[in-house]
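# Compute the structure for the input listed below.
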Amino acid sequence: MTLTLVDTGRALRLQTTDSDEVGRLYTLLNTMTGYRYDAGVSSFPAEPRLFEYVFKCTGIKGDASVADWYRPIIETERLQSQLLARPDSRLNHPSSEALYAFQRVSADYIAKHGRVLLSDDCGLGKTAQAVVAADLSTRPGAKLLILCPKSVRLSWVQEIRRWSEGKHEITVLDASDRKEKMASHQDGWVISNYELVRLESWFQQQHWDWLICDEAHRLKNRQTQLYRKVLQLSYNNMLLITGTPYGNNASELWTLLHLLYPDRYPSFWRFFELYIQYVTDFWGTRDIQGIKNSDLLRRDLAPIMVRRSKEEVYSQLPPKVYQTLPLNLNAKQAQFYHNMATEMCVELESGEVLSAATIMSMILRLRQLLSTPANFDLADDSCKLDAAMDVIEGTEKGILAFSLFRATVHRLSERLTKRKIAHAILIGGMKKEALEQAKDDLNSGKIRVLIGTLQTGGEGLHLAGASTVLFIDKHWNPIRQQQAEDRCHRIGQTEKVHIISLHCKDTVDDLVENILNRKIRMQREVLQQSLLETLQGV
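Numbers count the residues shown, from 1 in each chain. Okay, here's the model as predicted:
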């Protein structure tokens, strides 16, 4: 006997009563959420990738009922892959000719498919694709919600005005006047930062024709209040936009897939067991080692995720060149670092002793000392800021400089001011007008250096006026790194982009680099191979 399809009244399940098959399924799936064994019957949810996993591992086939269920799913996925594989597409839209061919294909696919994860490389014009797709699939009177970081709300206004045919009004919600605008809103575009969705129930009271989430990797944590609030929104179509769909591990993909298709991806732990390689320690904690069944994960993503690399569709974009500058700590900086590393404390100039209660807090303190001891109001004796000044003064090109720490941004700004080098800063809490002005000043050549925190300057902004990206510190998460790099490596860039990282040898910087490399390897295992080729090979 083989697997058969059963309708339980609540869900479709695949089951078998053959004793040999029951044993094989138990061995394979007993830790899997949704697997059941009852009175000699083994069953599991009827999900195409789970069925393929069972067949791959056990050779157990399905009967005619399973074939009738499975065949149209695969055929639909193949048809979807053909739509995305087209070299070009005809669009009935006034901005059609201004788009690149791959953008027309994506916009057409998004408009027809309705629920998509748009993960083209950063800098390939995902915003333009989103605006045109929404235009193609809506009529006047539609309600369209864009959720994005606060720093890029005005950028969305500019992009809508540039690419839309103008049939929808634009409303930007600010903390100060949101109540009035919500009360009077009837239809059209609403642009809001993510924070307001957590504060206002108004968003959940509307029904949206389109929900567009920019920098959607912000929704990767299924346990946050923000994720739960977005999950409560009512919408027909959804577009999740992120060039880096997961950073720490592939289980972060589930939150995005669940938003798009909650019925298709109901269980986080089933997704986790199917795709995540892990070991369990004595305390029962799962330590993620990597990805398993990457071929099945690519097949899962192929009909949902639109992902193109710059090399694939925009070969004229200049390359990135990576360089790591190895540094030795300055004398006072080395003393501060040694004291924190060995004694978990450092004495401040005021006489106060700054201590680290845990290993994680000590690592943070060490990273702050490497960036500049001025993070603790100590002398700004920083080998990294010395090197940053050398890089900045060694070129006339535009430069983006990123740090994790606000104090580092301010100390570098002070150094640039003393040398009379025109620059601006990007940190949290700035008004949107100031952020836009800093961006415009760099892109127009009015200033040459833009310094920002990775949290604020590393997302959403188009900064092709720079051709060098300088990392004073790196983020633990490769999402942050890749997003920041691609602020200037995007359509419109005409010069080779230099990515320079400052690295203090034999310090906690080595730990950060090792963790980043491990996470990047997990990304590439799934996303580097063409998703379309995976589906077309079925």
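# Would you mind listing the buried residues in the helix or strand in which residue 342 is found?
Element membership for residue 342, per DSSP states H and E: helix 331-343. Residues of helix 331-343 classed as buried: 333, 334, 336, 337, 339, 340, 341 (neighbour count, 16 or more other CB atoms under 10 Å). Heads up, the C-betas are built off the backbone N, CA and C, glycines and all.
# now the helices for the stretch 401-538 of the chain?
406-418, 432-444, 454-457, 478-485, 508-527, 531-536 (DSSP state H, counting those that start in this stretch).
# typo on my end, the stretch 151-300 of the chain
153-163, 178-184, 194-199, 202-205, 225-231, 253-260, 268-275, 294-301.
# Can I get the fourth one as CSV, trimmed to CA atoms?
Read it as helix 202-205. Listed next in CSV are the C-alpha coordinates belonging to helix 202-205 (Å, rounded to 0.1, in the frame of the first residue of the first chain):
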residue,chain,number,x,y,z
TRP,A,202,-6.7,52.1,12.8
PHE,A,203,-4.5,50.0,10.4
GLN,A,204,-6.2,46.8,11.4
GLN,A,205,-9.7,48.4,11.0
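# quick one on the thing from earlier: of the helices of the stretch 151-300 of the chain, give the one that comes closest to residue 282.
helix 268-275 (20.2 Å; CB to CB).
# now the closest one and helix 508-527, what's the angle there?
Comparing the axes of helix 268-275 and helix 508-527 via axes from the mean of the first three to the mean of the last three CA atoms, to 10 degrees yields an angle of 90 degrees.
# Remind me what helix 268-275 packs against, helices and strands.
helix 48-58, helix 253-260, helix 294-301 (3 or more CB pairs under 8 Å, 6 or more residues apart in numbering; DSSP states H and E).
# how does it look with 10 Å?
helix 19-29, helix 48-58, helix 253-260, strand 286-291, helix 294-301 (3 or more CB pairs under 10 Å, 6 or more residues apart in numbering; DSSP states H and E).
# mind exporting it as CSV, just the C-alpha atoms?
C-alpha atoms of helix 268-275 as CSV (Å, rounded to 0.1, in the frame of the first residue of the first chain):
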residue,chain,number,x,y,z
PHE,A,268,7.0,27.4,12.1
TRP,A,269,8.3,24.2,13.8
ARG,A,270,7.5,22.0,10.8
PHE,A,271,9.3,24.5,8.6
PHE,A,272,12.2,24.5,11.1
GLU,A,273,12.5,20.7,11.2
LEU,A,274,12.3,20.4,7.4
TYR,A,275,15.0,22.9,6.6
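# contacts for it?
Defining contact as CB atoms under 10 Å, 6 or more residues apart in numbering, one finds that helix 268-275 is touched by 29, 31-35, 44-45, 47, 49-50, 53, 222-223, 249-251, 253-255, 257-258, 265, 267, 276, 278, 286, 288, 291-294, 296-297, 300, 526.
# same thing but at 7 Å, please
Contacting residues not belonging to helix 268-275 are listed as 31-34, 49-50, 53, 222, 250-251, 254, 265, 291-293, 297 [CB atoms under 7 Å, 6 or more residues apart in numbering].
# Which one of the residues you listed is nearest to residue 85?
Distances from residue 85 to the contacts of helix 268-275, taken by CB to CB, are shortest for residue 297, at 19.7 Å.
# Check the burial of the closest one by counting its neighbours.
Neighbourhood size, residue 297 [other CB atoms under 10 Å]: 23.
# so how far is residue 361 from it?
35 Å (CB to CB, to the nearest Å).
# What ranges does the stretch 51-200 of the chain have for its strands?
115-118, 143-148, 170-172, 188-193 (DSSP state E, counting those that start in this stretch).
# quick check: mean pLDDT across the first one?
In this case it means strand 115-118. Mean pLDDT, strand 115-118: 96.
# Tell me which other helices or strands it touches.
helix 101-113, helix 126-136, strand 234-241, helix 253-260, strand 305-306 (3 or more CB pairs under 7 Å, 6 or more residues apart in numbering; DSSP states H and E).
# Now render those as JSON lines, adding distance to residue 482 and mean neighbour count.
Converted to JSON lines, the helices and strands packed on strand 115-118 look like this (distance: least, CB to CB, whole Å; neighbours: other CB atoms under 10 Å):
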{"stretch": "helix 101-113", "distance to residue 482": "20", "mean neighbour count": "22"}
{"stretch": "helix 126-136", "distance to residue 482": "14", "mean neighbour count": "25"}
{"stretch": "strand 234-241", "distance to residue 482": "14", "mean neighbour count": "21"}
{"stretch": "helix 253-260", "distance to residue 482": "16", "mean neighbour count": "22"}
{"stretch": "strand 305-306", "distance to residue 482": "16", "mean neighbour count": "24"}
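# Comparing these by mean pLDDT, which bottoms out?
Taking the mean pLDDT of the helices and strands packed on strand 115-118, strand 305-306 comes last: a mean of 92.
# Within its sheet, name the partner strands of that one and how each one runs.
strand 115-118 (parallel) (DSSP bridges).
# Residue 103 and residue 129 touch, don't they?
Yes: with contact defined as CB atoms under 7 Å, residue 103 and residue 129 form a contacting pair (5.1 Å).
# The strands of the stretch 51-200 of the chain: which one's closest to residue 312?
strand 115-118 (15.0 Å).
# next one: the closest one to chain centre, how far?
Centroid separation for strand 115-118 versus its chain: 13 Å, with CA atoms, centre = their mean, to the nearest Å.
# can you list contacts of it?
106, 110, 126, 129-130, 237-241, 245, 256, 260-261, 304-306.
# Go again with 10 Å.
84, 106-107, 109-110, 124, 126-127, 129-130, 133, 211-214, 216, 235-243, 245, 253, 256-257, 259-261, 264, 301, 303-308.
# can you count the residues close to residue 494?
A count of nearby residues for residue 494, using other CB under 10 Å, gives 9.
# Residue 316 is in contact with that one, correct?
Yes: using CB atoms under 10 Å, residue 494 is in contact with residue 316, at 9.3 Å.
# quick one on the thing from earlier: can you list residues touching both of residue 103 and residue 129?
With CB under 10 Å, 6+ apart as the test, residue 103 and residue 129 both reach 120, 163.
# give me phi/psi at residue 61?
phi -100, psi 180 (degrees, to the nearest 10).
# same deal with residue 93?
phi -150, psi 140.
# Counting neighbours, what do you get for it?
21.
# In contact with it, which residues?
99, 104, 107-108, 111, 131-133, 135-136, 163-165.
# Show me what the mean pLDDT comes to for stretch 201-217.
Here the average pLDDT along stretch 201-217 is 95.
# Going forward, count from 3.
Got it, the first residue is 3 from now on, which makes the last one we talked about stretch 203-219.
# Any idea how far that stretch is from the middle of the chain?
Per CA atoms, centre = their mean, the centroid offset for stretch 203-219 relative to its chain is 18 Å.
# Stretch 62-79 now?
33 Å.
# just checking, residue 82 touches residue 301?
No: the criterion here is CB under 10 Å, and residue 82 misses it with residue 301 at 11.7 Å.
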